[in-house]
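[1] Turn this into a structure:
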Amino acid sequence: MPREKETYRDVLARIAGRANELYPGRMIFNKKQCAAILGVPKQTIYQSRRYQFLSLTNTLEDIARGISS
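    Modelled structure (predicted):
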């Protein structure tokens, strides 16, 4: 069974706090909402290879897994 990255839980806690602040009660996020949660411009999410792990619908766990790698 694969181990989670060392920073995964810290990243998850930080983005969960930000997501609850911006979108209370929401569990699935589109790319525009992911950009707001991560604090980057929307165009960066669409154009940068750094964020290619994001799909049309993402959970906080998906975002944290991608950022932690």
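[2] now the helices: where do they sit in this protein?
    8-22, 31-38, 42-47, 60-68 (DSSP state H).
[3] Need the contact partners of the last one.
    Spelled out, that is helix 60-68. Here helix 60-68 makes contact (Cβ atoms under 8 Å, 6 or more residues apart in numbering) with 4-8, 11-12, 15-16, 19, 27, 29, 34, 37-38, 51, 53-55. Placement of C-beta: from N, CA and C, glycine included.
[4] How about the shortest one?
    With Cβ under 8 Å, 6+ apart as the test, helix 42-47 has contacts from Lys31, Lys32, Cys34, Ala35, Leu38, Arg50, Tyr51, Leu54.
[5] list the buried ones in it?
    By neighbour count on 16 or more other Cβ atoms under 10 Å, the buried set for helix 42-47 is Ile45.
[6] Quick one: mean pLDDT over that helix.
    For helix 42-47, mean pLDDT is 94.
[7] now it: how far from the chain's centre is it?
    Distance of helix 42-47 from its chain centroid, counting by Cα atoms, centre = their mean, to the nearest Å, is 13 Å.
[8] Kindly report the same for the second one.
    Here the centre of helix 31-38 is set off from its chain's centre by 7 Å, with Cα atoms, centre = their mean.
[9] Could you pull up phi and psi at Thr7?
    The phi/psi pair for Thr7 (degrees, to the nearest 10) reads phi -90, psi 0.
[10] Quick one: neighbours of the closest residue in space to it that isn't next to it in sequence, just the number.
    Excluding its sequence neighbours, the residue lying closest to Thr7 (Cβ to Cβ, 6 or more residues apart in numbering) is Ser68, at 4.8 Å. Neighbour count of Ser68, defined by other Cβ atoms under 10 Å: 15.
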